[in-house]
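A.B. asks: Sequence first, predicted model second:
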Amino acid sequence: MLAQIKKKIKSSEIYKSIFRHGYEDTQRNRALMVVDNVFLHLHPVRVSRHAVNYGYTWGMGGISFLLFIILTITGVILMFYYRPAAEYAYEDMKYLMNDVPFGALIRNMHRWSAHLMVITVMLHMFRVFLTGSYKPPRQFNWVIGVILLLLTFLLSFTGYLLPWDQLAIWAVTVGTNMARATPFLGHQGPFGPELGMRPDNDIRFLLLGGTQVGPPALLRFYVLHCIFLPLVTAIFLAVHFWRVRKDGGISGPVPKKI
Amino acid sequence: MHNLLKILGNPDNFPIIILLFTVYGFFIYAMKKAKRNDERGVPYEADESDKVQVWPYLVRVEFIAAVAVMAFVLVWSIAFDAPLEEPANPTLTPNPSKAPWYFLGLQEMLVYFDPWIAGVLLPTLIIIGLMAIPYIDINPKGNGYYTFKERKWAITIFAFGFLVLWVLLIFVGTFFRGPGWNFFWPWEEWDPHKVVAITNVDLTELFGIPTHNPDGTLNPVASVLGGVFVIGYYAVLMPLGWFLLKKKLPDFAEKFGLTRYIITSYLLLTMIALPIKMILRWTLNVKYVWVTPWFNV
Ligand code: HEM
């Protein structure tokens, strides 16, 4: 009876239009599993055996990407409850932590995944260095990687301000105070005053929309954190993954010449 | 002791513990693999260069890793709440104010350099330097497997920059810095009134040349001498290195080329300038090497 229903479903037009093939254990079918799937076809059909080994890649690139996805999903949920205005931001955080069902869990996951991603991206870079994987033909993918590293830091840093508590504004104050000292463009930097830089027109002012970390800075960091930086990161990630494949997949020793 | 527990108990510091264990742990692991490969001559990775199908062999490991990471994040998030302190108050500065942990290395550099160097110039050079690595390192060996023997210099320099100047400084910034960014042992109570006698002097003053005249204006002799130190550091060591290289390793120097050498040696000398300045501070209390009306180094 059940078997019959199962068979009926599996041979229906709807089922077949969604799942084009079953789990048949043949070489051909395994290849089709990858090629016919928009998510899996990021992969090649076959990879060398050492590339599957955790001991080689440490899995850190893939884990960084997974964390990026977790962050996107939890981030969207947080956005439902959070308003980037100085009078609401902190209250919304309190509300999230205390009253929203699973609010604290979502926020914790967002926070800890963000920290973890900074770590895994650094480890990924370290692995790529130690296996010499930036050597030809992968030089430019390393450069793209460095941009991704920078974007990861910026995402993390702009997000740090959003809870709008003491920890947030002072950590961001310490960070952005550096911008005051930018040569030529900051009002305390070398040759800044000579070029007419003041607290209210230098590069830090541009970044914060004010002379200190205030409501305009909150809005700016919010827009950067939730829209601009994730978008740019997604684009660079696409290029990064594309190039991993175009450069011949995961690096490995050149096969011995016979 | 109480203070150490407080630092360790701060949930925002937990990532630093993970960082320390994973970074140093992975480094030891990688060096073990490198040693095995080097001893054997042919890397073990080469034994596994035959192909396997992505479905199921790769998808399977990815799936396991994904489940493990999600479980880890979930447990961590159930166990520890993300911090939420008092509402933002621009008039109440906490002491110490620390940057997020991944920037503590930069904040630590502020002890030794002015913000335009520690906060702007060096971070920019770190990014540019990282991007330049594939174009600077022309050694074709060690591509796609763990090795130390074939890339001694590259690995030593990178490991020093990453493990010491980046990760270790983050560690110091977290555990050893208290109010006023003064040095405290991790088990020491943070005393906000700790006064550290400021006995720092400028390098030129060690040679008996005061930085400032009695009337408070800058002493041009000191300023010029400081400039000689800083510019001389590059102007002497860069050509010196080039001539040594050409003499000892002429083939390599030829392949490496002058442009690449200038960029590499500039980046390297700048990186080494950080520990040099740190040591000058610890041993001779040097504040600035070079004082000018516009900037200090
Ligand atoms: C958001 C951050 C990043 C993500 C999500 C990411 C993701 C990945 C993934 C999934 C791979 C496949 C191999 C592996 O998992 O190790 C990879 C390879 C690679 N990544 Fe990244 N990456 C990131 C940042 C970086 C950084 C910071 C660098 C270097 C500075 C870098 C350089 C490379 C290179 C050169 C490869 C090719 C490695 C090889 O063929 O062995 N990536 N990346």
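C.D. replies: All right, it came through fine.
A.B. asks: show me what contacts the one residue in chain B that gets nearest to the ligand?
C.D. replies: Closest residue of chain B to the ligand, CB to the nearest ligand atom: B:Leu130 (6.1 Å). C-beta here means a position set from N, CA and C on the backbone, and glycine is covered the same way. Going by CB atoms under 8 Å, 6 or more residues apart in numbering or on different chains, B:Leu130 touches A:125, A:146, A:149.
A.B. asks: Which one of those is nearest to chain B?
C.D. replies: Distance to chain B across those (CB to the nearest CB) is lowest for A:Val146, with 4.6 Å.
A.B. asks: Give the buried residues for the longest helix belonging to chain A.
C.D. replies: Secondary structure assigned by DSSP state H gives helix A:103-130 as the longest helix of chain A. Judged by neighbour count (16 or more other CB atoms under 10 Å in any protein chain shown), helix A:103-130 contains these buried residues: A:103-104, A:106-130.
A.B. asks: These: which ones sit near chain B?
C.D. replies: With the criterion set as CB under 8 Å from any CB of the partner chain, the members of the buried residues of helix A:103-130 near chain B are A:104, A:107-113, A:115-116, A:118-119, A:122-123, A:125-127, A:129-130.
A.B. asks: Now narrow these to whatever sits close to the ligand.
C.D. replies: Near the ligand, judged by CB under 6 Å from any ligand atom, the entries from those are A:Met125.
A.B. asks: rewinding a little: what's the angle between whichever helix or strand comes after the longest helix of chain A and helix A:103-130?
C.D. replies: Using DSSP states H and E, the next helix or strand after helix A:103-130 towards the C-terminus is helix A:139-161. Going by axes from the mean of the first three to the mean of the last three CA atoms, to 10 degrees, helix A:139-161 is angled at 150 degrees with respect to helix A:103-130.
A.B. asks: What's the mean pLDDT across helix A:139-161?
C.D. replies: Averaged across helix A:139-161, the pLDDT comes to 97.
A.B. asks: For it, buried residues please.
C.D. replies: Buried residues in helix A:139-161 (16+ other CB under 10 Å): A:140-161.
A.B. asks: Please list which of these are also close to chain B.
C.D. replies: Among those, chain B is touched by A:140, A:142-143, A:146, A:149-150, A:153, A:156-157, A:160 when using CB under 8 Å from any CB.
A.B. asks: how many other residues sit next to residue 73?
C.D. replies: The chain I'm using is chain A. Neighbourhood size, A:Ile73 [other CB atoms under 10 Å in any protein chain shown]: 13.
A.B. asks: Hmm, no, I was thinking of chain B.
C.D. replies: B:Val73 sits with 20 neighbouring residues when counted by other CB under 10 Å.
A.B. asks: check contacts around it.
C.D. replies: B:Val73 sits next to A:67, A:70, A:109, A:112-113, A:116 when contact means CB under 8 Å, 6+ apart.
A.B. asks: swap the cut-off to 10 Å and go again
C.D. replies: B:Val73 makes contact with A:66-67, A:70, A:74, A:108-110, A:112-113, A:116, according to CB atoms under 10 Å, 6 or more residues apart in numbering or on different chains.
A.B. asks: Name the residue of chain A that lies nearest to the ligand.
C.D. replies: A:Gly145 (2.1 Å).
A.B. asks: distance of that residue from A:Ile70?
C.D. replies: From A:Gly145 over to A:Ile70 the distance is 20 Å, taken as CB to CB, to the nearest Å.
A.B. asks: Kindly report the same for B:Asn3.
C.D. replies: Applying CB to CB, the value for B:Asn3 to A:Ile70 is 34 Å.
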